[in-house]
Each structure stands twice: as C-alpha cells, then as structure tokens.
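Visitor: mind folding the following:
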Amino acid sequence: MQKFHSCHAFILKEIQGISKIKDGYNPATWMMEVTSSAKELELGIDFADVYKSSELYRYLQSNKTTDSKVT
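Guide: Next comes the predicted model:
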C-alpha cells in the first residue's frame, strides 16, 4: 500500500475540479488549499463523505484493532 498521505492525495486527485499539485510545490500547502470549505462549496461536495466512501477508508476500518489501548 502507498504511504498514508499519498493515498489521501490520490483520493483528491480523482475529484473533478481539484487542481493537480505542481512540481516542487509543498504537498501540505496543496492539501490545505484543495480541501478548504470554500472549495467544498465551489464543487458542491463534502470531503468527509468522499473519504468515507473511499477504498482507503474501508481498508483502514477493516484493519483497525478493537483491543488497542493507550498507555
């Protein structure tokens, strides 16, 4: 599986209206720009819903442990 942050970027790249990241551009800045609430309004989508319907979300949900404890 790709690195976790790369998977999130992949989900976003598949959404029409999301600009592609330019070579040498800071990935964190790009993520903040393309996931703003203004962008959600512009595109008429809810990024939380997009993520919850993604393969990555299903994968993570199916692989999380129920007995992990914070120590």
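Visitor: quick one: residue 48 and residue 60, what's the gap?
Guide: In this structure, residue 48 lies at 14 Å from residue 60, with CB to CB, to the nearest Å as the measure. Where C-beta positions appear, they are placed from N, C-alpha and C, glycine not excepted.
Visitor: ok, residue 30 next?
Guide: Separation of residue 30 from residue 60 (CB to CB) stands at 22 Å.
Visitor: more neighbours, those two?
Guide: Each of residue 30 and residue 60 has its neighbours counted (other CB atoms under 10 Å); residue 30 has more, 17 against 13.
Visitor: excluding chain neighbours, give the residue nearest to that one in space.
Guide: residue 21 (4.5 Å; CB to CB, 6 or more residues apart in numbering).
Visitor: is residue 41 part of a helix or strand, or is it coil?
Guide: At residue 41 the chain is in helix, as set by DSSP: H, G, I helix; E, B strand; the rest coil.
Visitor: for it, report the pLDDT, please.
Guide: Predicted confidence (pLDDT) for residue 41: 95.
Visitor: secondary structure class for residue 22?
Guide: At residue 22 the chain is in coil, as set by three-state DSSP.
Visitor: any idea how far it lies from residue 64?
Guide: For residue 22, the distance to residue 64 equals 34 Å [CB to CB].
Visitor: can you give me the end-to-end span of stretch 30-38?
Guide: Looking at stretch 30-38, the gap from its leading to its trailing residue is 14 Å under the measure CA to CA, to the nearest Å.
Visitor: check stretch 45-57 too.
Guide: 17 Å.
Visitor: also stretch 30-40?
Guide: Between where stretch 30-40 begins and where it ends, there is a gap of 15 Å, by CA to CA.
Visitor: flag every buried residue along it.
Guide: Using 16 or more other CB atoms under 10 Å as the test for burial, stretch 30-40 gives 30, 34, 39.
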